[in-house]
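>>> Here is a sequence with its predicted model. Questions after.
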4 protein chains.
Amino acid sequence: MTVSELLNSMKHGGFTCRKVALATDLFLDMIQDKSCTTFLGLAGALIPGGMRKILYKMIENDMVDCIITTGANLSHDLLETSGGSHFHGDNQLKDVKIKELDFSRIFDTFISYESFVKFENLLQKLLDNIPNEPMSTRRFIYEIGRYVTDPNSIVRLAYEREIPIFSPSFADSMLGVQSWLFSQTKPLKIDVLKDHTEFSEIIYNSKKMGAMILGGGVPKHFIMNGSQLHDGLSYAIQVTMDRPEHGGVSGASIKEAVSWGKVTTDAKWIDIMGDVTLVLPLLVTGVLSKL
Amino acid sequence: MTVSELLNSMKHGGFTCRKVALATDLFLDMIQDKSCTTFLGLAGALIPGGMRKILYKMIENDMVDCIITTGANLSHDLLETSGGSHFHGDNQLKDVKIKELDFSRIFDTFISYESFVKFENLLQKLLDNIPNEPMSTRRFIYEIGRYVTDPNSIVRLAYEREIPIFSPSFADSMLGVQSWLFSQTKPLKIDVLKDHTEFSEIIYNSKKMGAMILGGGVPKHFIMNGSQLHDGLSYAIQVTMDRPEHGGVSGASIKEAVSWGKVTTDAKWIDIMGDVTLVLPLLVTGVLSKL
Amino acid sequence: MTVSELLNSMKHGGFTCRKVALATDLFLDMIQDKSCTTFLGLAGALIPGGMRKILYKMIENDMVDCIITTGANLSHDLLETSGGSHFHGDNQLKDVKIKELDFSRIFDTFISYESFVKFENLLQKLLDNIPNEPMSTRRFIYEIGRYVTDPNSIVRLAYEREIPIFSPSFADSMLGVQSWLFSQTKPLKIDVLKDHTEFSEIIYNSKKMGAMILGGGVPKHFIMNGSQLHDGLSYAIQVTMDRPEHGGVSGASIKEAVSWGKVTTDAKWIDIMGDVTLVLPLLVTGVLSKL
Amino acid sequence: MTVSELLNSMKHGGFTCRKVALATDLFLDMIQDKSCTTFLGLAGALIPGGMRKILYKMIENDMVDCIITTGANLSHDLLETSGGSHFHGDNQLKDVKIKELDFSRIFDTFISYESFVKFENLLQKLLDNIPNEPMSTRRFIYEIGRYVTDPNSIVRLAYEREIPIFSPSFADSMLGVQSWLFSQTKPLKIDVLKDHTEFSEIIYNSKKMGAMILGGGVPKHFIMNGSQLHDGLSYAIQVTMDRPEHGGVSGASIKEAVSWGKVTTDAKWIDIMGDVTLVLPLLVTGVLSKL
């Protein structure tokens, strides 16, 4: 049975089953609507969770026009580029023991101290190429991508395809820390306010806006906030495990965003409760089979 | 891309992605271990969620030796048998309005008043055939299955395949209410303590025990409790959205069950956080492709 | 600062803060409405979670007219009556180790093997007093309560105050297992269908219905199902950590129950997302201070 | 009954009940340990959720030495300063209707368009005072606080008490958007890398580190990341509704942070599953009664 056939039969189910199947069609509509600029929001441990190839395929197959991400996803992409690895293991291991073994744990994924060293070495080399002028995070990531040689890197592919990547909170990540260390001895000027200038230009140039929002956080808020400069999102898909009752942005329903003008009153949208690592491979495989 | 190929690539991911892929292999091991009796626990709105066909395939393909379920899943199976339907719709509709339209809502699934009437009529006819003697819920459901003619019914298929179905809390369901109404004028004697006699016999006749636990509740607890009569479960897979921190059984980790002797100390097990309606179709399709 | 003052200031907050404060007032309204029969649904590990005294106070202070509970809450009440204990400890301990030490774990609560033995001995003695005639779970629990001497027992207090306790799924609990073992050598006849007869009588005798539903499961469903015999609940408070998106009854919103006629169209209700062990002490203390 | 008495009795309960009571004692230990610098992480809609006064009390009573927050909490503090309000209402209202009424919704909290206008006017005035030189977000917020006159403002109080506030992702907030708009015509230079310089100085000057982490996100990550420059946190309390299984930072267990060296191997810590709006008032009231 193909994934596409499975998704078709899932439309006849209910709850999350049906939502994922319908979201596959909706995402296809979004990316095939030539008047729609598709934004991709990335929060959560997506690269440690094995989503690097899926995200690569999304960029490679023109499923996304603009990416907004936490610094962590950039850091872990470049960690793999540097020769570092994400291992899988037993999340019942004692963390004191894990530390003694020179590993760090992300639920059931493990990273060696050695991998971090490789990442840091790579970063210091890459940063040496960055022009000495104030820049947005978009430009900063673009300049990094220019010097990445790893063909599997998302940062590299986005550079090649000229897909802008914004990371408004990048300072709070391993990439941010390396940038700060670099800036102690060499010039590096990041102007996060410039992100708004460049992001709003993309928005003003969009006829319609659509978004695939994976995991909430700053990337979700940044896209939603930007959409207020427009009429709001015309298409929206959100995949999160967080929930709306506590008022935080990561769990807020898409429906709620209508009241803010962040989503148009006649938008097509689907909220999916689920772990991105399960939902995204299914959804992207389904879309790929129909492109 | 086939579902099987997708599951293979998901093994290289992390978090829920990898767990679902590994659980597919583990479930295959469980059902192919000839010394293992496989128990299936069913809680939650699985039939309204569209899982009837998947559960049918599980029985049809010898994936399960014994079923423990809420009364609701039996009721909704028989509701479809009676000609009733589960419709999909907009969960943003006002519930006062839904009621006025003579529908009832289960999140985004809807059932008409007419469907309930069909179900009730079917049930009263079926119950007329039940022998007038004290019986376990297992025997009761078996006797119902004998007179169901719908070839798509799980209750019917389980009868034909002689797969026992226990429903220790069946009284608390539409099936239970119909049974009670019937018992007002005609004899019907259900002895829930007999369930333990028959269930423990199945357990004593098992070399090993394995369980696929969907959704927690009484079915989970009944299987786990029974496993204490044995050495505990040797294989266990659990799919639930509930969480362990509040101490309730539906969210309790499988790991915790080791302390109770409900799971063997060297058991193979996987806890999956997710909606059954998304996880089960993927997992069962994967297993079917390898059988 | 008194709890009452804290609750008053919490009304000016948002989200769960405000909901708990408003639910305190709503529960007060419910129990002070003389035309309202108040039902209490108990699911989850409430006694292991330390709620025995709070539930005792609720019965003692006339906050409840009828209780519907899992068998587990009855079992753990009687386990404490038997001299057994619920200990608190470190939930990071290895479960294999906990088992070796002859303890069983419920998240961060521990029960010794010795406590279970005490419970079993008590139960076999109590069951010897039960009349040899078919009875509802309500009558069965009432008969047990008659012979319990522990003044701190909920089962005892409910007997004294003539507060009916139903436990439709009691067979699936330690109490159920002990009842079954007892029934192997001595007569014991539980007729779960009789629960409907007695529960519906209480409902028909109610002018209005109100419910405090703690934790979902069978107790929630049994109350909600019964309320359809009436016009639905006029007051409802629900405290659960489960969520609505997967369709299961434990997470279903109260709003949804309006479509089923389980809650009146003009009912006053509040859904609270939270662990009962945190919400209930606050709420009951608040109510007590105003009685 | 006082809150303090309630918390004392909650220690004898289990699960979240006990955790909140123990966390109150742990927080007291943390702030009374004179060698410990206490960091407060603020994410989620805390000000809309009514936590402004509680946070104010925490600063006023020396419970915190350094704050890390999302821009949203600063924005909503200043929105109230500007004369704007957070209203409470019915989250069942149609969002299209809410928008027509010129309100925006955060779950069950509402903000009028008029409030946003007041906020924007206030901000443009405040920003006029900011020195024209590159500054960290800490310095930026401090300079804003200097010109706020509202005695109820957290930003103002932190300025007066010289409690540093970092907001590494402030650009992604209403405050960030206003700063950007201002920067289109007047000079404003925010250097987010400088945050690391100033934050690491605070860390290097700390004998021990402790943290109260409310809601995850960038504030949690920033504190945890910084703690790696030290030996890790010696005390940690986390309150979040997110969960660990998907690998994201907001739900990650404190235990996991031990493997990263973000928490010392012998630290005292408590993970609380709950809505901050419910847990924090209880906890802070408990601490206040013992100071």
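Done, it's in.

>>> Could you give the number of residues near whatever residue of the stretch 1-150 of chain A ends up closest to chain C?
Residue nearest to chain C within the stretch 1-150 of chain A: A:Phe15 (4.9 Å; Cβ to the nearest Cβ). To be clear about C-beta, it is placed using only N, CA and C from the backbone, and glycine gets the same treatment. Look at A:Phe15: counted by other Cβ atoms under 10 Å in any protein chain shown, it has 30 neighbours.

>>> Please tell me how far it sits from C:Gly248.
9 Å (Cβ to Cβ, to the nearest Å).

>>> How about A:Gly215?
Taking Cβ to Cβ, one finds A:Gly215 at 24 Å from C:Gly248.

>>> Which one's more surrounded, those two?
C:Gly248 (32 against 27).

>>> Let me see the contact set for that one.
B:Ala43, B:Gly44, B:Ala45, B:Gly215, B:Met241, C:Gly216, C:Asp242 (Cβ atoms under 8 Å, 6 or more residues apart in numbering or on different chains).

>>> what do you get for A:Lys220?
If you count contacts by Cβ under 8 Å, 6+ apart, A:Lys220 has them with A:Gly41, A:Ala43, A:Ile213, A:Gln238, A:Val249, A:Ser250.

>>> check contacts around whichever residue of the stretch 101-250 of chain A sits closest to chain C.
Nearest residue of the stretch 101-250 of chain A to chain C, counting by Cβ to the nearest Cβ: A:Glu245, 4.3 Å away. Neighbour list for A:Glu245: A:Gly251, C:Phe15, C:Thr16, C:Met273, D:Phe107, D:Met241, D:Asp275 [criterion: Cβ under 8 Å, 6+ apart].

>>> Just those: which are in helices?
C:Phe15, C:Thr16 (DSSP state H).

>>> Rebuild the contacts of A:Glu245 as JSON lines, extending it with distance to chain B and pLDDT.
Listed next are these as JSON lines, based on distance: Cβ to the nearest Cβ, whole Å; pLDDT from 0 to 100:
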{"residue": "A:Gly251", "distance to chain B": "14", "pLDDT": "97"}
{"residue": "C:Phe15", "distance to chain B": "19", "pLDDT": "97"}
{"residue": "C:Thr16", "distance to chain B": "14", "pLDDT": "98"}
{"residue": "C:Met273", "distance to chain B": "11", "pLDDT": "98"}
{"residue": "D:Phe107", "distance to chain B": "16", "pLDDT": "96"}
{"residue": "D:Met241", "distance to chain B": "10", "pLDDT": "97"}
{"residue": "D:Asp275", "distance to chain B": "13", "pLDDT": "98"}
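
>>> Mind checking which of the contacts of A:Glu245 are buried?
A:Gly251, C:Phe15, C:Thr16, C:Met273, D:Phe107, D:Met241, D:Asp275 (16 or more other Cβ atoms under 10 Å in any protein chain shown).

>>> So which of those residues belong to strands?
C:Met273 (DSSP state E).

>>> out of the buried ones among the contacts of A:Glu245, which one sits closest to B:Ser173?
B:Ser173 lies nearest to C:Met273 out of the buried ones among the contacts of A:Glu245, by Cβ to Cβ, at 26.1 Å.

>>> what's the spacing between the nearest residue to the closest one once chain neighbours are set aside and chain B?
Spatial nearest neighbour of C:Met273, excluding adjacent residues (Cβ to Cβ, 6 or more residues apart in numbering or on different chains): A:Glu245 at 4.3 Å. In this view, A:Glu245 and chain B are 14 Å apart by Cβ to the nearest Cβ, to the nearest Å.
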